[in-house]
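Trainee: Just a sequence and a predicted model for now, questions to come.
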Amino acid sequence: MPEIFIDGHSVQAKDNQSVLEAALANGRFIPYFCWHPKLSVAGNCRICVVQVEGRSWVEISCNMPVTEGLKVFTDSELVRAHRKTVMQFLTLNHPVDCGICDKAGECKLQDYHYAYNGAPSISRDAKVHATKFHDLSERIVLDNERCILCSRCVRFTHEISKSSALGIKHRGDASLVRASEDGALDHDPYSDNVIDICPVGALLSRQFLHKARVWYLEPTPSVCPGCARGCAVSIWHRKSTWQLKALDPKQNVSIARVTPLENPAVNGPWICNKGRDLAQIFERPRAEEPMLKGKPVALPTAIDAARRLLAAATHPVALVSSWGSNEELAAFASALSGRLTAFVKADWAPEPGERIEDDLLIRADKNPNTTAARALFAPLRNPAAPAFDAETDLVLVWGEGFDFARLPAKAKIIYLNAYLQPENGHADVFFPVSIQTERAGHYTNFEGVVSAFEPCFPKKPGIADAETVFAALTAAKAEKP
Amino acid sequence: MKHLIPEFERLKARFPQGFESSLVLPCVRRIQEDRGYVADSDIDGLVEYLGVPRMQIEQVLSYYTQFRREPIGRWHVQACRNVTCSMRGAERLIDHLTQKLGVTPGETTADGRFTLSTVECLGSCGTAPVVMVNDTYHENMSAEKVDALLSELK
Amino acid sequence: MPGTQLLMTFPVTATSHSLADYRARGGYATLQKALEQMDPQDITQEVAASGILGHGGAAFSAGRKWGVVKLDDRQPHYLCANADEGEPGTFKDRWILENAPHLLLESMLIASYALQVRHAFVYIRGEFDLPYRRLAAAVEEAYQAGYFGERILGTEFSCDIVVYRGAGSYVCGEASGLLSSLEGKRGYPRNRPPRLTVKGLYQMPTVVNNVETLANVAGIIAHGAAAFKKIGTPRSPGTQLVSISGHIDRPGVYEVEYGYPLKKFLFEDCGGILGGQKLKCIIPGGVSTKVLTAAEIEPVTYDHASFDAAGSSLGSGGMIVVAEGTCMVRLLQVLLRFYHHESCGQCTPCREGMGWMHRIIDRIVAGRGEPDDIDRLYQISRWNDGNTICGMGDAAGYATVGILNKYRDEFEYCIAHKRLRFGGNLEVVANA
């Protein structure tokens, strides 16, 4: 545990740390582009330079091992002069695309330019051009002119996602980041992480391209429901203070993008591409009206009808959603577990072509809260205790993914679902319910880690929270109005 | 490249265990010697044989000046344009070659006989100017000697 | 002859590179002596005591480099001879590869024994074809004679060697770039720490030595460090193979004893300037060293101390002679084009700086230079010095600064008059 001195301040470093790591871990900032806490050291950007006391030159700190008593300066005149030259070199051929570049507002090059250089280029030669709008994969656009060749993206695919899909071809200032020609990047389910770790606007998300300026957006912490890992994510949407009335109001409640939210206990700084595509899940057409056998009714009418069905049933069964939050599951349990025999169903199964499981993040169980649900109820596929028998006369189905053809023909159906699906009309009573972006709650992942999600959007008037419906159903013994 | 695998196996046996990655350069060189360039199918075959990431081979092919993924002329005329050769007439020689062959550096003659390139120092500065044709160094060159050489190369 | 000869001690004939001829000259007797009479540590000590400095350009003590390798660390050690020889103006290792390959091999065997190396490599630039074939043939001869393989000369020492061909990249002559290439990848140099002698080839302790440095090992072990130190100067013991080219009457490879007067070497041993012209300057040690003008070489002797004092360096021993009338602006243009072409592209200052300098010099030569372009070249050189992953950025800077320091007037003339004072001439006037 060496003690080192950074700008005169004593810092307790760990063995095997670099000076950069020790500084950052102790609140002393040294700028960096190519270094990343989860990737190998490349040491190519040269901006993390520091000056060791007594030496008349600077050295990179990302590759400098800490030694007992080491004294470094992060802001000496020499360091400042060198950082400025690195910025001059980096901006030499970098296109002044800020006005049209998605990265503006969250770009390290911009930030460091203002902090450490701030001066116009001293070159009078035309900038060297390179490929713009290169299709790196179906999901990722690459602008080679903006690329500073830090190699973070390359190292990610070799060291983390292990697809080895990216590399740098040619050499010198003709170097170009490229994807391997066998399309491996398209099959790398973690490919989009390179968009986050790119320190400039070179790697961009095609689905987010030119959609919004980041300073009009805010991130809401959430949990990806794509599998039982429950990665922490940020769901980005328009800031409430920027709700523009003139434009299509749908823009105010849409998901602009999804990025990882760092959670050391679950996903570190990564998510898989499925998490990026949550809009494809959450923004499917929604069910907005309660129905009786497909006929829209008011909510109290639906509640009433459901209560009567429940009261009349002798062998009611419930199929519980593995997408239910801890709160919703608890509400179900307290309201209805005495009344119904409940089984946990897997709302989602792996899609064709989807990676089933790996040793990075992806889990075979494509549902976010199986763990909490199974702690309360039995799983659906248990041969020892089949869900339905000849006497089942009511099935309460909660959540999507169950094939209605498998329901007992003569059983009544109460159905709670968020999305517009044909089955909604087949249910005797149908309730449109909220999704996780419309309420607060928690999921428990496969390792028992509990993670919280917060609401991003208001829910539409006709939509109920499942908890509310469960509570209303317990007053089953109430008199008919 | 599959027919070269027995040869590659003998080559692999000369390296220490676990040096599969090192085989990339010699295998690529041999494939190129055999075919004249490295085809996409060669890359696939080599990936399968060595078990290295495809990107490693693609990067190597793009980084080194001696490797190519397209065929060139039968005779690769590589004229050094570095310091000493330039000081001993290489620039005039390259102009002469350009005129004589009717192509500029980087191009191949229409009959597919010659590809002209300029290269950096070949390590033969004492006998400058030097022109490398395929694998052979031709030293102390002049316009006359170049003409004689070209006429011999069918 | 420029002093005592240690390597170029035999006439080059059609067979002088063969095993038979080498053995007739006493070849492989030193290997036998080393294996039978000396311990590995003794050999390293002898090499260290000889004071021999690396002949690749960095002039680092070979014995000190070897001494970092721990013989008892139970890891594989590797030895690699650097035969990449890409520094413009340098062609002296080629002489050894073509004419004395067995001297290199015997020396490498002795070094491998000293360093407990089971697998040795020679990394040879891809363009070298005859040198490669000579070396490969020598390796086969040596294997057949039992000098490589298992239990060499009846001892416990086993060693295999692979000759590995490069494929066209100057930075593969940089030791860490060489090892990256030897691992089957791009020749990307690496940051230090760790040193290659700690983590080198596949992260194992590796010694990379220049071909000429290694070729001296057999002689040092045969005759002893003390005898070696008697030759040359105290700081620069032994000899240097010098490749001399350019506007010199008798270009070629010469073995120069350290301490030999430089002027004598140029004007007597090498016949003076081509066409009887006057000397303008020399680029002493491969293009990455600072030029020395005709006046400056007066007191200089061929050794490290004298060159340092003169403000330059011996470098790789590749001397380029420049006659009066040569345009230094165009000469720098050729150099910057070279560095730009060879930059691997990893680190910011070199990747961007080489292209920048090349574009500036192109503009100057084309008559579109501005006065502050000269300052810009100085700045870019300074900003690269010590701030890059490998020495190429620094080298380009030294070459540039050296020429600008001595010949700034040519650049100023060109910028002011929009034409080159010497008409852009690079050849000796009589030749043009």
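Mentor: Arrived safely. Residues are numbered from 1 along each chain as shown, chains lettered A, B, ... in the order given.

Trainee: Please parse the chain into its domains.
Mentor: If you meant another chain, say so; for now it's chain A. Following automatic domain parsing, chain A resolves into domains at A:3-90, A:123-210, A:291-477.

Trainee: wrong one, I was asking about chain C
Mentor: Split by automatic domain parsing, chain C gives C:19-229, C:239-323, C:328-417.

Trainee: Pipe those domains into a markdown table and attach mean neighbour count, distance to chain A and mean pLDDT per row.
Mentor: From N, CA and C alone the C-beta is placed, and that goes for glycine too. Formatted as a markdown table, those follow (neighbours: other C-beta atoms under 10 Å in any protein chain shown; distance: least, C-beta to the nearest C-beta, whole Å; pLDDT from 0 to 100):
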| stretch | mean neighbour count | distance to chain A | mean pLDDT |
| --- | --- | --- | --- |
| domain C:19-229 | 21 | 4 | 97 |
| domain C:239-323 | 22 | 17 | 96 |
| domain C:328-417 | 22 | 4 | 97 |
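
Trainee: hang on, the earlier thing: so for C:Ile320, which of the domains of chain A sits nearest?
Mentor: domain A:123-210 (23.6 Å; C-beta to C-beta).

Trainee: How far off centre is the closest one?
Mentor: 21 Å (C-alpha atoms, centre = their mean, to the nearest Å).

Trainee: ditto for stretch C:207-217
Mentor: With C-alpha atoms, centre = their mean, you get 10 Å for stretch C:207-217.

Trainee: now stretch B:75-91
Mentor: Centroid separation for stretch B:75-91 versus its chain: 16 Å, with C-alpha atoms, centre = their mean.

Trainee: then it to PDB, C-alphas only?
Mentor: Extracted C-alpha coordinates of stretch B:75-91, given in PDB (Å, rounded to 0.1, in the frame of the first residue of the first chain):
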ATOM      1  CA  TRP B  75       6.800  -8.500 -62.300                       C
ATOM      2  CA  HIS B  76       6.600  -6.200 -59.300                       C
ATOM      3  CA  VAL B  77       9.000  -3.400 -60.000                       C
ATOM      4  CA  GLN B  78       9.800  -1.700 -56.700                       C
ATOM      5  CA  ALA B  79      12.000   1.400 -56.900                       C
ATOM      6  CA  CYS B  80      13.500   2.800 -53.700                       C
ATOM      7  CA  ARG B  81      12.800   6.500 -53.300                       C
ATOM      8  CA  ASN B  82      14.500   7.100 -49.900                       C
ATOM      9  CA  VAL B  83      17.400   9.400 -49.200                       C
ATOM     10  CA  THR B  84      20.500   7.800 -50.600                       C
ATOM     11  CA  CYS B  85      18.800   6.400 -53.700                       C
ATOM     12  CA  SER B  86      17.300   9.800 -54.400                       C
ATOM     13  CA  MET B  87      20.800  11.300 -54.000                       C
ATOM     14  CA  ARG B  88      22.100   8.800 -56.600                       C
ATOM     15  CA  GLY B  89      19.400   9.200 -59.200                       C
ATOM     16  CA  ALA B  90      16.400   7.300 -58.100                       C
ATOM     17  CA  GLU B  91      14.000  10.100 -58.900                       C
END
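
Trainee: For that stretch, buried residues please.
Mentor: By neighbour count with 16 or more other C-beta atoms under 10 Å in any protein chain shown, stretch B:75-91 contains the buried residues B:75-91.

Trainee: between the domains of chain C, which one is nearest to B:Gly18?
Mentor: Of the domains of chain C, nearest to B:Gly18 by C-beta to C-beta is domain C:19-229, at 7.4 Å.

Trainee: Next, see if the closest one gets close to chain B.
Mentor: Yes. Using C-beta under 8 Å from any C-beta of the partner chain, domain C:19-229 comes into contact with chain B via C:76, C:85-91, C:94, C:118-119, C:125-130, C:160, C:162, C:164-170, C:181-187, C:202.

Trainee: Those residues in strands, which ones?
Mentor: C:118-119, C:160, C:162, C:164-165 (DSSP state E).

Trainee: mind listing what the closest residue to chain A within chain B touches?
Mentor: Of all residues in chain B, the one sitting closest to chain A is B:Pro53 (3.4 Å; C-beta to the nearest C-beta). Going by C-beta atoms under 8 Å, 6 or more residues apart in numbering or on different chains, B:Pro53 touches A:158, A:164, A:180, B:47.

Trainee: ditto for C:Ile220
Mentor: Residues in contact with C:Ile220, defined by C-beta under 8 Å, 6+ apart, are C:46-47, C:50, C:52, C:228.

Trainee: now A:Lys274
Mentor: A:189, A:224, A:226-227, A:354.

Trainee: C:Leu135 is in what secondary structure piece?
Mentor: helix C:130-144 (DSSP states H and E).

Trainee: so what's residue 289 closest to, chain neighbours aside?
Mentor: Unless you meant another one, I'm taking chain A. A:Pro296 (4.2 Å; C-beta to C-beta, 6 or more residues apart in numbering or on different chains).

Trainee: actually chain C
Mentor: Using C-beta to C-beta, 6+ apart, the nearest residue to C:Thr289 is C:Gly315, at 4.2 Å.

Trainee: filter the contacts of A:Lys274 down to the ones near chain C?
Mentor: Counting by C-beta under 8 Å from any C-beta, no member of the contacts of A:Lys274 reaches chain C.

Trainee: which regions of chain B lie under the pLDDT threshold?
Mentor: Scanning chain B for pLDDT under 70 picks out no residues.
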